[in-house]
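**Q** Structure, please.
(one chain, ligands or ions: 2)
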Amino acid sequence: MAGESAAAARSVAADAKRIVVKVGSALITNDGRGLDFQAIAALADDLSALVRDGREVLLVSSGAIAEGILRLGWSERPTDVSRLQAAAAVGQMSLAQAYEHEFEKRGIKSALVLLTGGDLNDRTRYLNARGALLTLLKFGVVPVINENDTVVTDEIKVGDNDTLGSVVANLTEADLLVILTDQKGLYSADPRRNPGAVFIARARAGDPTLEKMAGGAASSLSKGGMITKVLAAKRAARTGAATIIVSGREKEPLRRLAAGEPLGTELVPETPKILARKAWIADHLNLSGAVVLDRGAARALIDGHTSLLPVGVKEVRGDFKRGDVIAVLSPEGEEIARGLTAYPSADALRIAGRHTEEIEAILGYMEQPELIHRDNLVVTKPAGFEAG
Ligand SMILES: Nc1ncnc2c1ncn2[C@@H]1O[C@H](COP(=O)(O)OP(=O)(O)O)[C@@H](O)[C@H]1O
Ligand SMILES: N[C@@H](CCC(=O)OP(=O)(O)O)C(=O)O
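**A** Ligands and ions are numbered 1, 2, ... in the order given. Prediction:
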């Protein structure tokens, strides 16, 4: 069952050393009426208190597009990409300026970091981003992060900042992701539409029943709604981070959480923490291809966490290179794992369904017996999951 309605005695935030805080557009832009300078000042104040308390804080802030639309004098959110890109560029200036001003007043240094999904899919760029963020934290700087909406395309975008927040939590191996929003936390259904919805104080991150409770965004201003927050908690849990979804309209929510006060919805990781390298594999947003397994191979992968041998592959989809991250699908086409392929798609196609001893004769070389070695494989379904 998903929710335990009783609140935890002490918030997990009390012991969190490295914290990613995500704030949504509605809170930052006064529901689209323009940057809410009071809200930004209050947030900077709350974040600064955590830094002074010896914690490392990263802020993922939305609001660039909503603010840009207003600055450009447009009455509604455009649908064409070039206008959205322009709005993001204009709005990001105001957003960065407002944060810089408020942090500086409090003697805290801040830095602007704009990322795209492309930066996170490429191992070298991923490690670069990680290095840069960790260096900023080392010097007591608060990184203010957003998606680089001006240059993203569908193929390389993260898409929403709840997801970006969880990716940043994985990237930096943070202890906690706090998602500040316009509701008290997660309810059993969207409280705007269901007045009888029940508040969930605590649940397991990744519990599939949570995904059924969470709906989409409340307005065209925001991107994700509650579903992206629940999925972000699942993603953050992979590297051991807990997630708290809490109202940003509370007074000093971050300080109160850090003092141990149970506020909002706490989603705790209960699955074993995976290595940062495996989190990078699991975090891939756009995969270049897939392989479909037969039932026996799917079973062995899920329950035995074995390597994937070509003999278990029924079908190869897409065009991928050696070293790309690909999806591993059940016979019914459901994703059960993902991993780094040792063979490009053209060769994978030729050795699919064939035994290890045949590989060299077919290809003229053998890189390794496995299509995906278990060290490069992340199983995304729990043991016992019925793969078809
Ligand atoms: N189960 C749920 N519990 C709480 N809020 C929900 C739920 N399902 C959908 N929502 C909606 O999600 C909204 C918050 O998401 P969103 O509008 O994207 O905000 P943000 O800009 O903070 O990301 C809420 O205002 C609420 O209407
Ligand atoms: N990167 C976008 C925000 C995207 C987003 O996820 O918005 P939200 O759902 O309000 O957190 C922007 O700055 O406008």
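
**Q** Start and end of stretch 169-187, how far apart?
**A** End-to-end distance for stretch 169-187, by Cα to Cα, to the nearest Å: 24 Å.

**Q** ok, it near ligand 2 or not?
**A** No: Stretch 169-187 lies out of reach of ligand 2 by Cβ under 6 Å from any ligand atom, never closer than 8.2 Å. Glycine gets a C-beta too; all of them are placed from N, C-alpha and C.

**Q** and that stretch, how far from the chain's centre?
**A** Offset of stretch 169-187 from its chain centre (Cα atoms, centre = their mean, to the nearest Å): 10 Å.

**Q** Would you map the helices across this structure?
**A** Taking DSSP state H as the criterion, the chain carries its helices at 25-28, 37-52, 64-71, 81-105, 117-121, 123-138, 161-171, 208-213, 226-237, 253-258, 276-282, 295-304, 345-351, 359-363.

**Q** now the angle between helix 81-105 and the second one, please.
**A** Translated: helix 37-52. Relative orientation of helix 37-52 and helix 81-105, computed by axes from the mean of the first three to the mean of the last three Cα atoms, to 10 degrees: 60 degrees.

**Q** From the rest of the structure, what touches helix 37-52?
**A** With contacts defined as Cβ atoms under 8 Å, 6 or more residues apart in numbering, helix 37-52 is touched by 19, 21, 23, 27-28, 30, 57, 59, 98-99, 102-103, 105-108, 140, 142, 180, 248, 252-255, 258.

**Q** The stretch 51-200 of the chain against ligand 1: which residues are in contact?
**A** Checking the stretch 51-200 of the chain against ligand 1 by Cβ under 6 Å from any ligand atom, the hits are 181, 182, 183, 186, 187, 189, 190, 191, 192.

**Q** Okay, and the beta partners of residue 266?
**A** residue 202, residue 244 (DSSP bridges).

**Q** any idea how the chain splits into domains?
**A** Domain segmentation of the chain under automatic domain parsing yields 12-274, 287-379.

**Q** Start and end of the first one, how far apart?
**A** Using Cα to Cα, the end-to-end distance of domain 12-274 comes to 20 Å.

**Q** Give me the distance from that domain to the chain's centre.
**A** With Cα atoms, centre = their mean as the basis, the mean position of domain 12-274 lies at 10 Å from the chain mean.

**Q** just use 42 as the starting number from now, easier for me
**A** New numbering, starting at 42: the last item is domain 53-315.

**Q** quick check: mean pLDDT across it?
**A** The average pLDDT for domain 53-315 rounds to 93.

**Q** still on that earlier bit, tell me which of the residues of the stretch 92-241 of the chain next to ligand 1 fall in strands.
**A** Taking DSSP state E, the ones among those that sit in strands are residue 222.

**Q** May I ask which of the residues of the stretch 92-241 of the chain next to ligand 1 has the most neighbours?
**A** For those, neighbours were counted using other Cβ atoms under 10 Å, and residue 227 has the most, 31 neighbours in all.

**Q** How about it: what's its closest non-neighbour residue?
**A** Of all residues beyond its chain neighbours, the one nearest residue 227 is residue 306 (4.2 Å), with distances taken as Cβ to Cβ, 6 or more residues apart in numbering.

**Q** Give me the neighbour count for that neighbour.
**A** A count of neighbours around residue 306, defined by other Cβ under 10 Å, yields 27.

**Q** contacting residues around it?
**A** Contacts for residue 306 (Cβ under 8 Å, 6+ apart) come out as 226, 227, 240, 241, 242, 243, 244, 285, 286, 287.

**Q** isn't the last one right up against residue 298?
**A** Same thing as residue 287. Yes: between residue 287 and residue 298 there is a contact under Cβ atoms under 8 Å: 7.1 Å.
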